[in-house]
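1. Using only what follows, build the 3D model:
(3 chains)
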Amino acid sequence: MSETKGLTKLGMPKWGLSMTEGTVVQWLVEEGAELNNGDEVVEVESEKINNAVETPSPGVLRRRVAKEGDVLPVGGLLGVIADASVTDEEIDAYVEEFQATFVPEEEEAGGPEPQTVEIGGRNIQYLAVGEGEGTPLVLLHGFGGDINIWVFNQEALAEGGRTVYAVDLPGHGGSTKDVGEGDLASLVNVVAGFMDEMGVEKAHLFGHSMGGAVAASFAIGHPERVRSLSLIASAGLGEEINGEYIEGFIAANRRKEMKSTLGLLFANPDLVNRQLVNDVIRFKRLDGVDEALRRLADNLFPDGKQADVPDLSGVEVPMLVVWGREDRILPVSHSENAPQNARVEVLDETGHMPQMEAAGQTNRIIGEFLDSQEG
Amino acid sequence: MRPIAELMFVDFMGVCFDQIYNQAAKFRYMFGGKAVTPMVIRTMYGAGIRAAAQHSQALYPIFTHIPGLKVVIPSNPYDAKGLMIAAIRDDDPVIFFENKVLYAVEGDVPEEPYTIPLGEAEIVREGEDVTIVAIGRMVSMAEQAAASLADDGIEVEIVDPRTTSPLDTDTIYESIENTGRLVVVDESNPRCSLASDIVSLVTQNCFEHLKSAPQMVTAPHTPPPFSGSLEDLYVPDPEKVANAVRQTVGQGVAS
Amino acid sequence: MTEAEVAGARERHGELDKAALLDAYRTMRTIRDFEERLHTEFATGEIPGFVHLYAGEEAIAAGFMAHLDGDDYVASTHRGHGHSIAKGCDVKGMMLEIYGKDGGICRGKGGSMHIADLDKGMLGANGIVGGGPPLVCGVGLSAKVRGTDQVAISFTGDGGANQGTVFESMNLASAWDLPVIFVIENNGYAEATAQAFSSKGIDIAKRADGFSMPGVVVDGHDFFAVHEAAGEAIRRAREGGGPSLIECKVNRYYGHFEGDAQTYRADNEVENIRKEKDCLMLFRQRVTSAGLIEESELDKIDEEVKNLIDEAVKEAKEAPEPTPDKLLTDVYVSY
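-> Below you'll find the predicted structure:
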């Protein structure tokens, strides 16, 4: 395809390994709008939540090619961004040529697939993305989550030339549902065992929510194995927690209840789509999940409070704390409890899942943080 | 012991019907709750493979009628596994109906064991205009109809009861409260069918929400014919479903 | 048929004159060609539904039906083509039926498993295993009440022999001295289950003792053995002597149904039987070596049957499907 100078394709993104197509939910800006880096242009429904596609470059949104409701394959043409020097005729020609020659990629057979490793008698599922010399990343999800909560981040974070491991903690995702003691210490042991199995001596550790408390505990217990610590809407920084959410998540077995429960995770509950709700309900139906969640909740969040608030004051590793200002699970005020040396970023119009709801912004913040460590 | 018997074709149930409906179905109640009968009977039902009158019937209404039996009719592979495990763990006798045409359908199924509670309907598709309650293989007929109706601006909600006994009436009624219109798609014969049952339940309990007369799409009141040209007319198809939906929104075409 | 003609026919069948032998051969050959042809045609995908072939068991149908007249009754099994042909059902009408065509013997509504012609006393092939014996109790009782000398024969397989309906029917027929013959066609397999897995190893015929009726075992490959045993039981039934049980040990040449991979059978199992016990081969040897019939006469029948089957298949393929309105006919009411 010929390149037209000053013209940028706005394509259907690939969020996560299994995404092959996406549905255009709504355009967020009008044709003719000026776009700056990071501006959200169009909302697309993916397999998890609806998400906004950001402009790949500054310019003017000259053409909205896809209509709302259209289903496009990954790489399909959503719109055209160009500066004023490009004529309408050139844009017409570009669109026409693109549509005539575009061939969607075949569904990938060889992409990374989740793997399983045995740790302490349990099968632990993980997904490794990327490779390179860089210090690996280990991503730990929160209560009721799994490796898929990193669907918008894992590939972006691997771009620096490193392996990014997302791990299903015991009781979650594709890992064994037996959580053993089901306390922070037992989860920390699993993380240590996982790093041993992967041959990872030292990692950048990322924890979301409950996973943040695990990561923090790990950093206290194994400071020599932690290159940096990133806590995203993290547990372990204060006592309060939305106990109704925890109990609601455990109790919800029907789509409707689950949709409203999951809605609490996001500043904009409308982002919760059918697929996400279905996936969570399917997870909850697996044998052993009810018991696992119950035990974890009883240990970690008894009586609607957090049982463990690890003392991070002695932890010297670089630390990043990211929070959504509209978090309804763990209050944003907990970000103020971060140690003095931590870099703290609070995102507007974002709830408990910044890595999903403000994926682009979160990826940029993390990217900068990692660069500052390794750069 | 939690026995699972496979009775091949539901048409053959006549041969052992007494043991099912007079014995197994009644033990728990007759014996004052002191007996359980944790048995699953798997059986094939449905037309579509030219197997003629004694190998093609959709006889689940007969079993749904009998107190003490539970009746499961999955519409897809994922539900089939979760419902089967739930059926095995259930302490009542469960008749597990498998549409023989659906054996060719593929879908993602987790390796791990999981259960889907008996008596929980699934909303297969959400929509505002008309509720279709579809049983077993008819769910896919409803989905095909819904796709074509959406092109004409009619948004259909599809409820798959998954079990006809117990029947998740709450989910059905809730959907009717939103849409006010009902079409039931049932591969069985029309009289004393799931279609007539659900229509009557909805009429009785949601009358004030109904905007039009409920419609039934069923097989005709005949045995399943052998000849392919007749059997294809026998089984409800997406076109018949779509026509019934149009009836409920006042766009009926004379048939 | 006048009464005298009926009596004459009955006598002639009993003594197996040349005409009766040629009839029997034609019946067996017609069944064989019909089934072999279905086997090849089914493989093309043109024949819908389930087809269960009778090839290998022809001597039983021919041996019993040689004693029957049009007003006697037969209730068959899912493997019913042979009984239907032997009982006089129209071969072309049967072929049309199996192809699901409007002109079929059941107007395309029944198919292979439900071939029936009540005018010929053929109460139907049957999709339900063990379905036939209760039916012959009904028609047997009817004959007894009406005071005719009609008889009724049910065929059941070795699998079906274990159905409660069969035991109940034998008990009732015996208690009421019904003019009924229970024939067990024991081909060794209930679908894919060898008999040793489903019953305890004595002859099924011995069950007759428990119902106070005669029970005999015959070689189902041998037309003459079947014919003799059948004649005795049918005579007894006609004379008011009550029911009999006849177990015919036999083999089927094809699977339970067309498409059955038959992994449960030994290598060369069928080939060996075809070589050693084929009923047509045995019949031909017997009648020609005894000088009763010339080879050429049998060859002529072979040729005629071949043509008949060719025509039947050709006509069946070309015949029209039932029209949509037929969906709602032949049932008492439509909703």
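
2. In contact with A:E244, which residues?
-> A:G304 (Cβ atoms under 8 Å, 6 or more residues apart in numbering or on different chains). Using the backbone N, CA and C atoms, a C-beta is placed for each residue, glycine as well.

3. and if we set it to 10 Å?
-> Applying Cβ atoms under 10 Å, 6 or more residues apart in numbering or on different chains to A:E244 gives the contacts A:261, A:264, A:304, A:328-329.

4. Flag every residue of the stretch 151-300 of chain C that's near chain B.
-> Residues of the stretch 151-300 of chain C found near chain B (Cβ under 10 Å from any Cβ of the partner chain) are C:163-165, C:191.

5. And the strands in the stretch 151-255 of chain B?
-> Using DSSP state E, counting those that start in this stretch, the strands of the stretch 151-255 of chain B run over B:156-160, B:163-165, B:182-186, B:215-218.

6. ok, and what's touching the shortest one?
-> Among residues not part of strand B:163-165, those counted as contacts by Cβ under 10 Å, 6+ apart are B:60-61, B:63-74, B:79, B:83, B:86-87, B:92, B:94-97, B:116-121, B:135-136, B:186, B:188, B:194, B:197-198.

7. Contact partners for the residue of the stretch 151-300 of chain C at minimum distance from chain B?
-> Of all residues in the stretch 151-300 of chain C, C:Q163 sits closest to chain B, at 6.7 Å by Cβ to the nearest Cβ. By Cβ under 10 Å, 6+ apart, the residues touching C:Q163 are B:15-16, C:128-131, C:133-134, C:156-157, C:169.

8. same thing with C:G259?
-> Counting by Cβ under 10 Å, 6+ apart, C:G259 makes contact with C:42-43, C:50-51.

9. Nearest to chain A among those residues?
-> Each of the contacts of C:G259 was scored against chain A by Cβ to the nearest Cβ, and C:A43 proved nearest at 35.3 Å.

10. how about the closest one, phi and psi?
-> Backbone torsions for C:A43, taken as degrees, to the nearest 10, come to phi -60, psi -20.

11. Surely it is in contact with C:E258?
-> Yes: counting by Cβ atoms under 10 Å, C:A43 touches C:E258, with 7.7 Å between them.

12. More neighbours: which of these two?
-> Neighbour totals were compared for C:A43 and C:E258, and C:E258 leads with 19 against 11 (other Cβ atoms under 10 Å in any protein chain shown).

13. could you list every residue that touches the more buried one?
-> Here C:E258 is in contact with C:35, C:38-39, C:41-43, C:47, C:49-53, C:112 (Cβ under 10 Å, 6+ apart).

14. Would you mind checking the residues you listed for buried ones?
-> C:35, C:38-39, C:41-42, C:47, C:49-53, C:112 (16 or more other Cβ atoms under 10 Å in any protein chain shown).

15. The residues you listed: which ones sit near chain A?
-> Okay, of the buried ones among the contacts of C:E258, nothing touches chain A (Cβ under 10 Å from any Cβ).

16. Could you list the low-confidence segments of the stretch 51-200 of chain A?
-> Applying pLDDT under 70 to the stretch 51-200 of chain A flags residues A:107-111.

17. returning to what we had before: which two in the contacts of C:G259 are spaced the farthest apart?
-> Using Cβ to Cβ, the contacts of C:G259 span at most 14.4 Å, a distance reached by C:A43 and C:F50.

18. Pull the distance from stretch A:93-107 to the chain's centre.
-> What separates the centre of stretch A:93-107 from the centre of its chain is 30 Å, taken as Cα atoms, centre = their mean, to the nearest Å.

19. Setting the sequence-adjacent residues aside, check what's closest to C:M170.
-> Distances taken as Cβ to Cβ, 6 or more residues apart in numbering or on different chains put C:F211 closest to C:M170, at 4.6 Å, once the chain neighbours are dropped.

20. Now that the one you found has come up, it's in contact with C:D177, right?
-> No: between C:F211 and C:D177 there is no contact under Cβ under 10 Å: 11.6 Å.

21. Tell me who's in contact with the closest residue in space to A:N268 that isn't next to it in sequence.
-> The shortest distance from A:N268 to any non-neighbouring residue, by Cβ to Cβ, 6+ apart, is to A:E357 (7.2 Å). By Cβ under 10 Å, 6+ apart, the residues touching A:E357 are A:49-52, A:152, A:265-268, A:271, A:324, A:326, A:347, A:349-351.

22. which one of those sits closest to chain B?
-> After measuring the contacts of A:E357 against chain B - Cβ to the nearest Cβ - the closest member comes out as A:N50, at 15.1 Å.

23. contacting residues for the spatially most central residue of chain B?
-> Nearest to the mean C-alpha position of chain B, by Cα atoms, centre = their mean, lies B:I135 at 2.6 Å. Contact analysis of B:I135 by Cβ under 10 Å, 6+ apart lists B:58, B:60-61, B:64, B:73, B:75, B:97, B:99, B:142, B:160-162, B:164, B:184-188, B:193-195, B:198, B:218.

24. Okay, and which of those map to helices?
-> Using DSSP state H to define helices, the subset of the contacts of B:I135 located there is B:60-61, B:64, B:142, B:194-195, B:198.

25. for the residues you listed, which one is nearest chain A?
-> For those, the residue nearest chain A by Cβ to the nearest Cβ is B:A142; the value is 16.8 Å.

26. What pLDDT does the model give that closest one?
-> Note for B:A142: predicted pLDDT of 98.

27. Assess the claim that it and B:S148 are in contact.
-> No: under the criterion of Cβ under 10 Å, B:A142 makes no contact with B:S148, lying 11.1 Å away.

28. Compare neighbour counts for the two and give me the winner.
-> Applying other Cβ under 10 Å to B:A142 and B:S148 shows that B:A142 carries more neighbours, namely 31 against 15.

29. now that one: how far from A:A233?
-> 41 Å (Cβ to Cβ, to the nearest Å).

30. now swap in A:E31 and tell me
-> 36 Å.

31. Pick out whichever of the two has more residues nearby.
-> Using other Cβ under 10 Å, the more surrounded residue of A:E31 and A:A233 is A:A233, with 30 against 12.

32. What degree of burial does the spatially closest residue to that one that is not a sequence neighbour show, as a neighbour count?
-> Spatial nearest neighbour of A:A233, chain neighbours left out: A:H352 (5.0 Å); criterion: Cβ to Cβ, 6+ apart. Neighbours of A:H352 under the rule other Cβ under 10 Å: 25.

33. Just to check, A:H352 is in contact with A:A358?
-> No: using Cβ under 10 Å as the test, A:H352 is too far from A:A358 to be in contact (11.4 Å).

34. anything in contact with each of the two?
-> Shared contacts of A:H352 and A:A358 (Cβ under 10 Å, 6+ apart): A:267, A:324.

35. about what we covered before: only whichever of the contacts of C:Q163 are buried, select them in ChimeraX.
-> Entered in ChimeraX, the line below selects the buried ones among these, by 16+ other Cβ under 10 Å:
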select /B:15,16 /C:128,129,130,131,133,134,156,157,169
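
36. I appreciate the help and will end here.
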